[in-house]
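S.K.: need coordinates for the below:
(4 chains)
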2 protein chains.
Amino acid sequence: MDIRSLEVFKAVAIEQSITKAAEKLNYVQSNVTARIQRLEQELGVPLLYRYHKKVSLTPAGRELLPYVNKLLYDFEEAIEAVKLSSTPRGTLHIGAIESTASTRLPIIFTNIIRNFHK
Amino acid sequence: MDIRSLEVFKAVAIEQSITKAAEKLNYVQSNVTARIQRLEQELGVPLLYRYHKKVSLTPAGRELLPYVNKLLYDFEEAIEAVKLSSTPRGTLHIGAIESTASTRLPIIFTNIIRNFHK
DNA sequence: TAAAAATACTCCATAGGTATTTTAT
DNA sequence: ATAAAATACCTATGGAGTATTTTTA
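M.R.: Residues are numbered from 1 along each chain as shown, chains lettered A, B, ... in the order given. Sure, this is the predicted structure:
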């Protein structure tokens, strides 16, 4: 199950149109159709009623939408959190005997500075 | 971004081992390795420290884990909700003039019963 | 040297695209 | 007749597997 498909579903639900959702997401229409079909297949229920000029959500689709909103929001949050934690922060305490301090630490410090000192 | 990858990450985090996670999920080891690598690539941060007999989470990995737990839980909930709503429930009120009632309704009822009456 | 992870490869399914056909008004 | 959705087809990437190699305690 691809999270991208949830975004696609959300866009279709908002636009009430596969074509418009495709434009909005910079996808091609057939791609959106395929994603929705796959989603319906994976869930085992139809999500859309297909009409002439628009589509609308089935009961299952209406049930799904708020969950999708929540999942997408939390997913974004997770991405954010992970990206923020990718750089070490805080205080680093180091203890070492003198010989170690003079021979090994300089190399390590050089690496840390090279990697993390912006 | 595949939700399955989040499950894989969770299993690795719990087992502290790619091999054990693979067994638990009935995957092959190389597959789990690949999924984690892809996840790290997609997020742009390393998630695991690789040691000899085990792996452990990097700060980014530790940051990610609770989000993953939440996402997986909510995802399950969404699936449940959608499956439950796939069958119409409640009371259906119908109004029709007599001619309609006698000519069209029987066919519709037949369909409804065929589709939804277990 | 032994166990775990990574890599190389193969195969098939999926995702995205273009072009066309079907459908419903 | 027209606009939207579905379908057919193609290519590229990703996912899962087997077998092998690399790594490190």
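
S.K.: what does chain A put close to DNA strand D?
M.R.: Counting by C-beta under 7 Å from any atom of the strand, chain A comes close to DNA strand D at A:17-20, A:29-30, A:33-34, A:36-37, A:48, A:50, A:52-55. C-betas here are computed from N, CA, C, even on glycine.

S.K.: report the buried members of those residues.
M.R.: Among these, the ones that count as buried by 16 or more other C-beta atoms under 10 Å in any protein chain shown are A:17-20, A:33, A:36, A:48, A:55.

S.K.: give the burial count for A:Gln41, as a bare number.
M.R.: Using other C-beta atoms under 10 Å in any protein chain shown, A:Gln41 has 10 neighbouring residues.

S.K.: give me the contacts around the helix or strand where it lies.
M.R.: A:Gln41 belongs to helix A:29-43 when assigned by DSSP states H and E. Helix A:29-43 has contacts (C-beta atoms under 8 Å, 6 or more residues apart in numbering or on different chains) with A:1-2, A:4-5, A:8-9, A:11-12, A:18-19, A:21-22, A:25, A:46-48, A:60, A:64, B:79, B:82-83.

S.K.: give me every residue in chain A lying close to DNA strand C.
M.R.: Proximity of chain A to DNA strand C, by C-beta under 7 Å from any atom of the strand, involves residues A:2, A:4-5, A:26-31, A:34-35, A:38, A:50-53.

S.K.: widest-spaced pair of the residues you listed?
M.R.: Largest separation among the residues of chain A next to DNA strand C by C-beta to C-beta: A:Asp2 and A:His52, giving 29.0 Å.

S.K.: ok, the longest helix belonging to chain A near chain B or not?
M.R.: Counting residues, the longest helix found in chain A (DSSP state H) is helix A:59-84. Yes: under the criterion of C-beta under 8 Å from any C-beta of the partner chain, chain B is reached by helix A:59-84 at A:59-60, A:62-64, A:67-68, A:70-71, A:74-75, A:77-79, A:81-84.

S.K.: what about stretch A:60-71, distance to the chain center?
M.R.: Here the centre of stretch A:60-71 is set off from its chain's centre by 16 Å, with C-alpha atoms, centre = their mean, to the nearest Å.

S.K.: now do stretch A:51-67
M.R.: 22 Å.

S.K.: need the residues that contact it.
M.R.: Residues outside stretch A:51-67 that contact it (C-beta under 8 Å, 6+ apart): A:9-10, A:12-13, A:16-18, A:43, A:45-49, B:74-75, B:77-78, B:81-82, B:84-86, B:88.

S.K.: mind listing what's buried along it?
M.R.: The neighbour-count check on stretch A:51-67 (16+ other C-beta under 10 Å) flags A:55, A:57-61, A:63-65, A:67 as buried.

S.K.: for the residues you listed, which one is nearest B:Glu98?
M.R.: The closest of the buried residues of stretch A:51-67, once distances to B:Glu98 are taken by C-beta to C-beta, is A:Pro59, at 30.2 Å.

S.K.: returning to that earlier point: filter the buried ones among the residues of chain A next to DNA strand D down to just the ones in strands.
M.R.: A:48, A:55 (DSSP state E).

S.K.: hmm, back to that, just the buried ones from the contacts of helix A:29-43, in ChimeraX syntax?
M.R.: Here is the ChimeraX command that selects the buried residues among the contacts of helix A:29-43 (16+ other C-beta under 10 Å):
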select /A:1,5,8,9,11,12,18,19,21,22,25,46,47,48,60,64 /B:79,82
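
S.K.: hmm, back to that, pLDDT on the helix holding A:Gln41, on average?
M.R.: The pLDDT scores in helix A:29-43 average 96.

S.K.: let me know the pLDDT of A:Thr110.
M.R.: For A:Thr110, the pLDDT comes out at 60.

S.K.: what average pLDDT does the longest helix of chain A get?
M.R.: The model assigns helix A:59-84 a mean pLDDT of 95.
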